[in-house]
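>>> build me a model:
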Amino acid sequence: MIKHNFSKTSVDQCVFIKRYINNYFIILLLYVNDILIVGHDKKITNMKKALSKSFTMKDLELANQILGINIIRDHSKRLLWLSQEKYFKKILKRFNMDTIKLVNVSLVGHMKLSKNHFPTSEEDKCDAPTIILK
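Numbers count the residues shown, from 1 in each chain. Next comes the predicted model:
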């Protein structure tokens, strides 16, 4: 990717970005032998041509899913959603929890969580329950 003037991000070794003069950019995400390209349509088309000269690739057009994450678009409103609903349902089914009844549980209004509430020792971390807040 460096050969194609992409810079590796410091956050993730598999994410590369290429910036253009007129505020266009391309973000390239690599996972094993899959590539997800995000950016301006014309720039993506040119990048695909350039990449195909470096290695054999198959263009699958618009991505609808990557790594179990569904990609949902509303072009008319220029909106994009990422959803793991199918993945969560699969996990719930695996642990026989797919028919459970959902219940909302609120924290009491006066309780304020802070870093001081988190366990600090390794022993406490192992004993601490996992809490998921919505």
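
>>> mind showing which ranges of the protein have poor pLDDT?
107, 124-134 (pLDDT under 70).

>>> residue 84 and residue 72, how far apart?
12 Å (Cβ to Cβ, to the nearest Å). Any C-beta I mention is one placed from the backbone N, CA and C, and that applies to glycine too.

>>> for residue 92, same thing?
Distance, residue 92 to residue 72, by Cβ to Cβ: 20 Å.

>>> can I get the longest helix seen in the chain as PDB, trimmed to CA atoms?
Scanning the chain for the helix with the most residues, using DSSP state H, yields helix 41-54. The C-alpha trace of helix 41-54 is given here as PDB (Å, rounded to 0.1, in the frame of the first residue of the first chain):
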ATOM      1  CA  ASP A  41     -16.400   7.000  -6.300                       C
ATOM      2  CA  LYS A  42     -14.100   8.300  -9.000                       C
ATOM      3  CA  LYS A  43     -11.000   8.000  -6.800                       C
ATOM      4  CA  ILE A  44     -12.000   4.400  -5.800                       C
ATOM      5  CA  THR A  45     -12.400   3.500  -9.500                       C
ATOM      6  CA  ASN A  46      -8.900   4.800 -10.300                       C
ATOM      7  CA  MET A  47      -7.500   3.100  -7.200                       C
ATOM      8  CA  LYS A  48      -9.000  -0.300  -8.100                       C
ATOM      9  CA  LYS A  49      -7.300   0.000 -11.500                       C
ATOM     10  CA  ALA A  50      -4.000   0.800 -10.000                       C
ATOM     11  CA  LEU A  51      -4.200  -2.000  -7.400                       C
ATOM     12  CA  SER A  52      -5.200  -4.600 -10.000                       C
ATOM     13  CA  LYS A  53      -1.900  -3.900 -11.700                       C
ATOM     14  CA  SER A  54      -0.100  -4.900  -8.500                       C
END
